[in-house]
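Participant: test case, fold it:
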Amino acid sequence: MATSPPYPTYPSGPGDGALHHPHWWQRRGVRYGALITLLALSGLVILALVREQTGTEGFLVGLGLAVFPVPLLTAAFRWLDRVEPGPWRNLLFSFAWGACAAALIAIVANSFATKWIATATADPAGADTLGATVIAPIVEESAKAAAVLLVFLFRRRDFTGLVDGVVIAGVTATGFAFTENILYLGTAFGTDQLTGGRGIASVTAATFFVRVIMSPFAHPLFTTMTGIGFGIAALYGEGRRLRRVLLPLGGLLLAMCMHALWNGSASFGPFGFFAVYGGFMMPAFGLLTWLVIWTRQRGLRTIREELPAYVAAGWLAPAEPFALGSMRARRMAREYAAHHLGKPGAKEVGRYEAYATSLAFLRHRGRRGRAGADFVVRERELLNELWRLRERARPALEYAARAAAPPVPVMLPWPAHPWQAPGAARPHLPYAGHAGYGAHPAYPGYPAYNPYRS
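Facilitator: As a prediction, this is how the structure comes out:
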């Protein structure tokens, strides 16, 4: 995901502001205000509904227990997004939508549909089963998919591939699971209060183990199927309209089916849950993990393959494609800049890395005929940003390229010793001349930064 703003926008003329007066509802401040208000109201309503069902004490216990998997899942999705990191506002919106808007839609729609089916069929038990296995997957996955759709439509430059879809969908589902866990854990605590359950044998402990320990990835796994559909659709050009519609719908349908299978596992017999968990959920989770890591590594390879064209044109230094195509080198470059120039310097290097990554991916899409009509304009904007930041970023990247490169054995002259036979091979120092020793010419007065030096 491209860092915001991934492609800086410039006014096309000095008179644009005087010629174009957008309607009040088209102004960015109005849209942001309406969205924040909608999410805030949804959050207040869903919290009130959950508190009504669990009680104040149960709500607080559920809130305290439900927060445990959130930092871990968020950090995992952020790690996947490190190659082309996206703006935090997209992740905050996704989490808030899942925790507030999607959860509110789900709790209201599920309750209404289950009650309606129970009244129509006079079979409350059957209505609960149908609601859990059919209604809930459709409603919940559709509500979560709305966040992915909104980012896909209105933050298109931040949504360029499969990893972007996985991250947005996963963070949305993490927010949804957070609110749902408050409800389930708070209800379990209330049950224990009535029955006297305590300790490891309590309903609260069992619910915590199943939802937080065993399957914190369940909702993210389902919704990432939708994200993958949108991510693959983002790889196609504007002309492939049918594929750009069918792929997200196919991902959404797969997410619903997986969700229905998971919810219905309890009705498959005494060992149905464990069979679905071990035979389906864990392999699916492993396959998804492999897919996104492979995609991440392919992205780094794309950077190393596409950026040399800009080296030949003089926009980038020769060492930069290697440094930008290595997460270790990129981290070392930021550390080097932070050591010599402070946090502002490290941030500029981070922006340089993000712009260069977006440039590489843009060129890759352009060579495959999948870039938009504004390819040339976007390429020029990215190159201008790189040129503006080059003075501070290049020395750090050059240092990182040398420091992260595998050491090359260097044969050094070695004085002859009385015990050394004539013509014998001279000993060599495998790490002689390795980067990190001596002063860097681009940072006069500063010793070379070695993060491993005590």
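Participant: going by C-alpha atoms from here, please, whenever you check contacts or count neighbours.
Facilitator: Noted.
Participant: find the nearest non-adjacent residue to P344, please.
Facilitator: Sequence neighbours aside, A338 is the residue nearest to P344 in space, at 7.6 Å (criterion: CA to CA, 6 or more residues apart in numbering).
Participant: ignore what I typed, I meant A218.
Facilitator: Nearest non-adjacent residue to A218 (CA to CA, 6+ apart): M281, at 7.9 Å.
Participant: surely the residue nearest to P344 touches V349?
Facilitator: No. A338 sits out of contact with V349 when judged by CA atoms under 8 Å, with a separation of 9.2 Å.
Participant: so G175 lies in a strand, does it not?
Facilitator: No. Assignment of G175 by DSSP: H, G, I helix; E, B strand; the rest coil gives helix, placing it outside any strand.
Participant: what's around it, how many residues?
Facilitator: G175 has 28 neighbouring residues, counting by other CA atoms under 10 Å.
Participant: doesn't G369 lie inside a helix?
Facilitator: No. Under the criterion used here (three-state DSSP), G369 is coil, not part of a helix.
Participant: now the phi/psi pair for it, please.
Facilitator: Here is the backbone geometry of G369 (degrees, to the nearest 10): phi 70, psi 20.
Participant: quick check: pLDDT value at it.
Facilitator: G369 is assigned a pLDDT of 80 by the prediction.
Participant: which stretches of the stretch 151-300 of the chain have low pLDDT?
Facilitator: 237-239 (pLDDT under 70).
Participant: dump the residue contacts of the residue nearest to P344.
Facilitator: A338 makes contacts with 344-346, as judged by CA atoms under 8 Å, 6 or more residues apart in numbering.
Participant: rerun at 10 Å
Facilitator: Residues near A338 by CA atoms under 10 Å, 6 or more residues apart in numbering: 332, 344-349, 396.
Participant: between the residues you listed, which is nearest G55?
Facilitator: Using CA to CA, K347 comes nearest to G55 of those, at 45.5 Å.
Participant: that closest one touches R331, doesn't it?
Facilitator: No. K347 is not in contact with R331 according to CA atoms under 10 Å; the separation is 11.5 Å.
Participant: T295: neighbour count?
Facilitator: 16.
Participant: for it, what are its contacts?
Facilitator: 80, 161-163, 289, 301.
Participant: quick one: which of these is most hemmed in?
Facilitator: When neighbours are taken as other CA under 10 Å, the top entry among the contacts of T295 is V163 (27 neighbours).
Participant: quick one on the thing from earlier: next SSE downstream of the host helix or strand of the residue nearest to P344?
Facilitator: A338 belongs to helix 327-367 when elements are defined using DSSP states H and E. Moving toward the C-terminus from helix 327-367, the next helix or strand (DSSP H and E) is helix 375-404.
Participant: for that following helix, packing partners?
Facilitator: With contacts taken as 3 or more CA pairs under 10 Å, 6 or more residues apart in numbering; DSSP states H and E, helix 375-404 sits against helix 320-324, helix 327-367.
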